[in-house]
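Asks: Model the following, please.
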Amino acid sequence: MEKDLSNYRKSYDKGELLLEEVPENPLELFQKWFHEVDLHFAEDETNAMTVSTLGLDGFPKNRVVLLKRYTYEGFIFYTNYESEKGKAIAANPNVCLSFFWHGAERQIIIKGRAEKIAENMSDGYFESRPVGSQLGALVSNQSEVIPNRAYLETKLSELEKEYEAKPILRPKYWGGYIVKPVEIEFWQGRPNRLHDRIRYQLQEDYSWLINRLSS
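Replies: Numbers count the residues shown, from 1 in each chain. Down below sits the predicted model:
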C-alpha cells in the first residue's frame, strides 16, 4: 500500500504571534488562546489535548485526553492510575501535552512534570460526573486485555443494578494529575511556512525566559 501525500498543501493566514505583544506569563497567553478558540471555532473540541509519556517498554506513546481545569500552577486531567499512562507517569513523571486547534491554525506544546492532585479534588470531580461515566470508571480496567466488547457491557449492566439505590464512590485507582509546566511553546501558522513560534522556559527564580524560534 502506498499513497503520495507530497501535494497536500494548506496556507496558514489566520493570525500572527509577535514577541513584543506576548505577556510575561505563558498561562495568560494560554487562557487568551483557549478562550478565543472556544468562542470562534466551535468545530474544535477546545479542551482535547494529546498526552505523551515514555512507556515502560521504552517507547513514547501519545493519546488524546480532555483537559478539565487549568490554573497558574498547571493543567489537570483525570484517568485510571493503573492504566498504561498511569504506570508510565509513575515511572517517569516527565510528560508532554499538546493542543492543535486547526480552525485557528494554532498549536501549543507543553513540557512538564505530572503529579497526582489531592484526593478531595479527585473526589469532587468524580461526584460531578454523570452516573454513566462514574460506572465506566468502575467497569474498565483500563489498558488491560479483554475478550470482547460484550464483557464490558455485561459488567456495566451488573454495576447499574448494584448501584441503583446507593452512591458511587470514586475508586482509589482513579483520579487526577496536574502537569506543572517547565516549557510552553506557542505556534501560530503563517504564510509560506514562516510560522510564528514563541517559547517560554521556566527559570530557577520562577520567571519565564521568552524567545522567538525559527519556523
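Asks: Where does pLDDT dip in the protein?
Replies: The chain contains no residues with pLDDT under 70.
Asks: what's near enough to touch the residue nearest the centre of it?
Replies: For the chain, the residue nearest the mean C-alpha position is residue 49 (3.5 Å; Cα atoms, centre = their mean). Counting by Cβ atoms under 8 Å, 6 or more residues apart in numbering, residue 49 touches 64-67, 75, 77, 97-99. C-betas here are computed from N, CA, C, even on glycine.
Asks: quick one: the strands in this protein?
Replies: Residue ranges of the strands in the chain, as given by DSSP state E, are 48-54, 60-66, 69-70, 75-80, 94-101, 106-116, 174-188, 196-202, 208-213.
Asks: And those: which comes nearest residue 7?
Replies: strand 94-101 (21.8 Å; Cβ to Cβ).
Asks: now that closest one: how far from the chain's centre is it?
Replies: 6 Å (Cα atoms, centre = their mean, to the nearest Å).
Asks: Show me what that strand is in contact with.
Replies: Contact partners of strand 94-101, identified using Cβ under 8 Å, 6+ apart, comprise 33, 37, 41, 44, 46, 48-54, 67, 75, 89, 106-114, 179.
Asks: before we move on, what about stretch 28-47?
Replies: 22-23, 66-68, 70, 101-104, 106, 108, 184, 186.
Asks: Just send those back as TSV, with distance to residue 84 too.
Replies: Shown next, in TSV, are the contacts of stretch 28-47 (distance: Cβ to Cβ, whole Å):
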residue	distance to residue 84
22	36
23	36
66	17
67	19
68	20
70	24
101	27
102	27
103	31
104	31
106	29
108	24
184	25
186	29
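Asks: closest to residue 208 among these?
Replies: residue 184 (8.3 Å).
Asks: residues touching that closest one, list them.
Replies: With Cβ under 8 Å, 6+ apart, residue 184 has these contacts: 26, 30, 108-111, 199-200.
Asks: excluding its backbone neighbours, what's nearest it?
Replies: Counting by Cβ to Cβ, 6 or more residues apart in numbering, residue 26 is the residue found nearest to residue 184 once chain neighbours are left out, at 4.2 Å.
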